[in-house]
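In: Sequence plus predicted model, see below.
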Amino acid sequence: MSKRTKGCLIGGIFLYVLLATIIILVMNFQRQDFHSAATASRDTFGYKDGHFGLLKHADRETDADWPAAEVMMEPVRIEGEKGKFLYDFSTEAKPGEVTPPSRWNEGFLGDDAVALAAFATWVPGPDDPIGEEGWTATLTLRDPATLDPIDSARLAGLGLPESFTTFLPPKTYQTPILRLVFLTEGMEYPRAIGSVAGDARTGARITYNLKNDDDGSARHEVSGKWLRIDTNLLLWHDTPLKCHVEFLTGTPETAELAVRPGAQIHFGDRLRLQWLTTAEHSMSVKSWVGSFEPAASLPEPEKEAIRKRFSNRSARPEGLISFSPKDPPEAAAKLYVRTSSRDYLTEHCGVIGEAGISWDWRQEESEEGVVIASTPGQTPDRPLQLVFIPSVTEWTGEIPGLPDMPNPRTIEDLFDCVLPRITLPEDHDDAETQLLGYIGVGAQLAWESEKLWKTNPPAALPTDRTFRDTTPQQLLDWYLDHTPGSYVRYDEEDLTLHFNEEEGSWWKRMTEGMRTLYYETLYGSPLP
C-alpha cells in the first residue's frame with residue numbers, strides 16, 4: 001500500500017471518527033420535540049407499577065396452600081431469648097396440590113346489586129397546600145351518565161355521606177385521583193376489593209393503586225348502602241373511561257375464633273383459620289431460621305435438643321417459622337393466625353368490631369402448606385368475631401368523559417399536556433424515578449431507564465422540588481439539560497422512551513445519526 005493510500009485511509013478514518021463525535025455531541029445537546037398521539041393504541045408493556053398494557057379483567061385464579069376442610073396440626077411453640085419464639089410445623093404432612101373452589105361468579109348472587117351513582121376526579125393544583133395540617137380537598141361529584149355536577153341539595157336528598165365529597169390528598173405521589181361512588185342493594189356488608197379503569201379510546205389501563213394506604217384518605221369507605229373506591233389516574237386529559245370493579249357477593253357467614261393457641265374455624269371448603277398468638281409490638285416473621293437460642297427458662301435437655309437441630313444446617317427441617325421483635329420496636333399490637341388461603345382471607349374475611357368491619361389482613365410469611373397472616377389491634381381476651389363473604393364478581397361500566405381534567409379531549413400531542421403540579425421526593429434516586437415516570441405517564445408512554453442521579457445528582461432542582469404548569473416535553477428537556485451524560489431515544493411506533501441506554505447505545509446513536517445526515521444531505525429532505 002502506497003504512502004498516499006495510507007494517508008488517505010488514515011485521514012478518512014480520522015474524519016469518520018470526528019464526524020461521529022460531532023453527531024453524538026449534537027444529538028446530546030439537540031432538543032427534539034416528540035409526539036404522542038392521544039388516541040393511539042396503548043398496547044405496550046407496563047410503566048413501573050402502573051400498567052400501560054391493555055385494560056384486562058381481573059385474574060380469575062384462586063390461591064390456596066392448605067385444604068380448608070382438613071384440620072391443621074396443633075402448633076408447637078418453642079420459646080427463645082430476647083422475646084423470640086418459633087412455631088414448629090415440621091412434623092405436619094405436606095398437603096400436596098391444593099385445589100380450592102373458585103371465588104369467582106359471573107354475576108351478583110341473590111338480591112345483591114350495585115349502581116354507579118356518581119364519580120369525581122381531582123387533580124393536584126399548582127398552589128395546593130398538600131401536606132399542610134388539616135387541609136382537605138373538596139370534590140365535584142358528577143352524574144356518570146350526563147357528566148353534570150350533582151348539587152348539594154340533590155346529594156343530601158340521596159342521603160350521600162358528606163365524607164364522600166372530600167378527601168385528604170396523598171403526599172407521596174401526586175397524580176390525579178378517580179373516585180367512584182356506588183349505591184348498593186341487598187348487601188349486608190358491602191365490599192369492593194379492587195378496581196381498574198382504562199381509556200375507552202385507546203384500550204389502555206390508566207389507573208394505579210398506591211401501595212401506601214396510610215398516606216392520605218383511605219382508598220375505600222362504606223357508609224350504610226353507600227360505597228366509594230378511589231384509585232390514581234395516570235393521565236391529565238379528558239377521555240372516556242371503561243371501569244372494572246370487583247365486589248364481594250353471596251350470603252355472608254359469621255363465626256368466632258377462640259382465643260387459644262391452635263383453635264381453628266373454617267368456612268366450608270374455602271377458608272380455614274388457626275389462632276396462633278397476639279403481640280403488643282409488631283413482629284418480624286420469617287420462614288428461614290439462621291440461628292436460634294432457646295430461652296434460659298427451658299429445661300437443659302430440651303435446650304440441648306433444640307441447639308442440636310440448628311447445628312446441622314443441611315439436616316434442619318422445613319416448617320419452622322420464627323417470630324422476632326422488630327428493631328427498632330414498632331408499637332403496633334397484632335393478632336397472628338395461620339390461614340389456608342391468602343386470597344380468601346385478605347379479600348373475603350372481615351373482623352367485626354365496635355367501629356364496624358375491618359378487612360385489614362396482611363400476609364407475613366409462607367412456606368409449603370403454612371401461611372402466616374396478621375391483623376392489627378385485636379383484643380386478646382375475647383373471641384375474634386369474623387364474617388366471610390364467599391364469592392366475587394366484576395362490575396363493568398363506562399363514564400363518557402372527565403370534564404375536570406386540565407387538558408381537553410381534543411389535544412393531539414400528549415407531550416404538550418399541562419401537568420399543574422408534580423413534587424419530587426427528597427431522595428435523588430426516587431426523585432429521578434418519579435420524574436421520568438411523570439414524563440411517561442403524562443405522554444402515555446412506556447419507558448425504560450438507566451438512572452444517573454444516585455451517583456451524579458442534578459445541580460439545581462426547584463427549591464421545593466415542585467414543577468408547576470409544565471409539560472412532559474418541558475420536563476424531558478429539563479432532565480436532559482440538568483443530567484450530565486443523559487440521553488433519550490424515543491420509539492414512536494412502540495410508544496416507548498428509552499433513557500440512558502448503555503449497551504451498544506453509542507454505536508446505535510452514531511450510525512443512526514450518520515444515516516440521517518447522509519439521507520438529508522443526499523435528498524434534501526428528512527429521513528422518512
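Out: Here it is on my side, so go on.
In: Just give the closest residue to residue 501, not the sequence neighbours.
Out: With Cβ to Cβ, 6 or more residues apart in numbering as the criterion, residue 501 has its nearest non-adjacent residue at 6.4 Å, and that residue is residue 489. Every residue, glycine included, has its C-beta placed from N, CA and C.
In: can you list the residues that contact stretch 324-334?
Out: Residues outside stretch 324-334 that contact it (Cβ atoms under 8 Å, 6 or more residues apart in numbering): 82-84, 278-284, 286, 374-378.
In: Go through it and flag the buried ones.
Out: 324-325, 334 (16 or more other Cβ atoms under 10 Å).
In: cool, and stretch 241-254?
Out: 241-250, 253.
In: what do you get for stretch 457-468?
Out: 458, 461, 466-467.
In: got JSON lines for those, with secondary structure too?
Out: Listed next are the buried residues of stretch 457-468 as JSON lines, based on DSSP: H, G, I helix; E, B strand; the rest coil:
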{"residue": "458", "secondary structure": "coil"}
{"residue": "461", "secondary structure": "coil"}
{"residue": "466", "secondary structure": "strand"}
{"residue": "467", "secondary structure": "strand"}
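In: Find the pair from the residues you listed with maximum spatial separation.
Out: 458 and 466 (14.5 Å; Cβ to Cβ).
In: out of the buried residues of stretch 324-334, who's nearest residue 200?
Out: residue 334 (42.6 Å).
In: In contact with the closest residue to that closest one other than its chain neighbours, which residues?
Out: Distance criterion Cβ to Cβ, 6+ apart; nearest residue to residue 334, sequence neighbours excluded, is residue 374 at 4.5 Å. The contact partners of residue 374, by Cβ under 8 Å, 6+ apart, come to 282, 285, 334-337, 361-362, 364.
In: Shouldn't residue 374 be within a helix?
Out: No - residue state for residue 374 (three-state DSSP) corresponds to strand; a helix is not indicated.
In: hang on, isn't residue 237 packed against residue 408?
Out: Yes - using Cβ atoms under 8 Å, residue 237 is in contact with residue 408, at 7.0 Å.
In: neighbour count winner among those two?
Out: residue 237 (21 against 11; other Cβ atoms under 10 Å).
In: so that one bridges to which residues?
Out: Under DSSP bridges, the beta-bridge partners of residue 237 are residue 407.
In: One more: residue 396?
Out: residue 244.
In: Counting neighbours, what do you get for it?
Out: The number of residues packed near residue 396 is 9, by other Cβ under 10 Å.
In: any low-confidence regions in the stretch 401-528 of the chain?
Out: 503-528 (pLDDT under 70).
In: that's a helix at residue 306, yeah?
Out: Yes - per three-state DSSP, residue 306 lies within a helix segment.
In: from memory it sits against residue 289, does it?
Out: No - counting by Cβ under 8 Å, no contact exists between residue 306 and residue 289, whose distance comes to 11.0 Å.
In: out of these two, which sits in the more crowded spot?
Out: residue 306 (20 against 16).
In: For the more buried one, which non-adjacent residue is closest in space?
Out: In space, and not counting its chain neighbours, residue 306 is closest to residue 294: 4.5 Å by Cβ to Cβ, 6+ apart.
In: Provide the backbone phi and psi angles at that neighbour.
Out: Backbone torsions of residue 294, given as degrees, to the nearest 10, read phi -60, psi 160.
In: so what's it up against?
Out: Residue 294 touches 78-81, 302-303, 306-307, counting by Cβ under 8 Å, 6+ apart.
In: In PyMOL, how would I select the buried members of those residues?
Out: Filtering the contacts of residue 294 down to the buried ones (16+ other Cβ under 10 Å) takes a single PyMOL command:
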select buried, resi 78+80+306
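In: Give me the subset of the contacts of residue 294 that lies in strands.
Out: Here DSSP state E is the test, and the contacts of residue 294 give 78-79 as lying in strands.
In: which element is residue 330 on?
Out: Of the helices and strands defined by DSSP states H and E, none includes residue 330.
In: Same check on residue 272?
Out: Residue 272 belongs to strand 271-279, assigned by DSSP H and E.
In: Now do that strand, average pLDDT.
Out: Average pLDDT, strand 271-279: 95.
In: In its sheet, which strands sit next to that strand, and in what direction?
Out: Neighbouring strands of strand 271-279 in its sheet, by DSSP bridges, are strand 264-267 (antiparallel), strand 334-339 (antiparallel).
In: Would you tell me which of those strands gets closest to residue 54?
Out: Nearest of the strands paired with strand 271-279 to residue 54, taken as Cβ to Cβ: strand 334-339 at 33.0 Å.
In: Give me the domain ranges for the protein.
Out: Following the assignment in automatic domain parsing, the chain carries domains at 1-25, 26-40+412-523, 76-99+254-388, 113-251+394-399.
In: From start to finish, how long is the third one in a straight line?
Out: Pointing back at domain 76-99+254-388 there. Start-to-end span of domain 76-99+254-388 (Cα to Cα, to the nearest Å) is 28 Å.
In: pLDDT at the residue lying closest to residue 245 once chain neighbours are set aside, what is it?
Out: Spatial nearest neighbour of residue 245, excluding adjacent residues (Cβ to Cβ, 6+ apart): residue 195 at 4.4 Å. Residue 195 carries a pLDDT value of 95.
In: just checking, residue 195 touches residue 232?
Out: No - using Cβ under 8 Å, residue 195 is not in contact with residue 232, being 10.9 Å away.
In: who has more neighbours, the two?
Out: residue 195 (22 against 19).
In: ok, the more buried one - contacts?
Out: Neighbours of residue 195 in contact, by Cβ under 8 Å, 6+ apart: 180, 207, 229, 231, 243-246.
In: Return the closest of the residues you listed with respect to residue 131.
Out: Of the contacts of residue 195, the one sitting nearest to residue 131 (Cβ to Cβ) turns out to be residue 231, at 20.9 Å.
In: ok now do residue 113, which residues does it touch?
Out: The contact partners of residue 113, taken as Cβ under 8 Å, 6+ apart, are 184-186.
In: beta partners of it?
Out: Beta-bridge partners, per DSSP bridges, of residue 113: residue 185.
In: can you give me the strands in the stretch 151-300 of the chain?
Out: 166-167, 177-185, 192-199, 207-208, 220-223, 226-233, 241-249, 253-257, 264-267, 271-279, 283-286 (DSSP state E, counting those that start in this stretch).
In: ok now the fifth one, how far from the chain's centre?
Out: When you say that, I think you mean strand 220-223. Distance of strand 220-223 from its chain centroid, counting by Cα atoms, centre = their mean, to the nearest Å, is 20 Å.
In: Give me the helices and strands touching that strand, please.
Out: Packed against strand 220-223 by the contact rule (3 or more Cβ pairs under 8 Å, 6 or more residues apart in numbering; DSSP states H and E) you find strand 226-233.
In: Each with direction, which strands does the strand it packs on pair with?
Out: strand 177-185 (antiparallel), strand 207-208 (antiparallel), strand 220-223 (antiparallel).
In: And these, which one averages the lowest pLDDT?
Out: strand 207-208 - the lowest mean pLDDT of the strands paired with strand 226-233, at a mean of 89.
In: Export the buried residues of stretch 241-254 as CSV, with columns for pLDDT and distance to residue 393.
Out: Shown next, in CSV, are the buried residues of stretch 241-254 (pLDDT from 0 to 100; distance: Cβ to Cβ, whole Å):
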residue, pLDDT, distance to residue 393
241, 98, 20
242, 97, 17
243, 98, 14
244, 97, 11
245, 98, 10
246, 98, 7
247, 98, 6
248, 98, 8
249, 98, 5
250, 97, 9
253, 97, 18
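In: Now do the contacts for residue 476.
Out: Taking Cβ under 8 Å, 6+ apart, we find residue 476 in contact with 34, 415, 439, 488.
In: The last one: neighbour count?
Out: It refers to residue 488. Residue 488, neighbours per other Cβ under 10 Å, totals 19.
In: For it, grab phi and psi.
Out: Residue 488 has phi and psi values of phi -130, psi 140 when expressed as degrees, to the nearest 10.
In: Mind listing the residues bridging to the residue nearest to it when sequence neighbours are not counted?
Out: Of all residues not flanking residue 488 in the chain, residue 499 sits nearest, at 5.4 Å (Cβ to Cβ, 6+ apart). Legend: beta-bridge partners of residue 499 under DSSP bridges are residue 449, residue 488.
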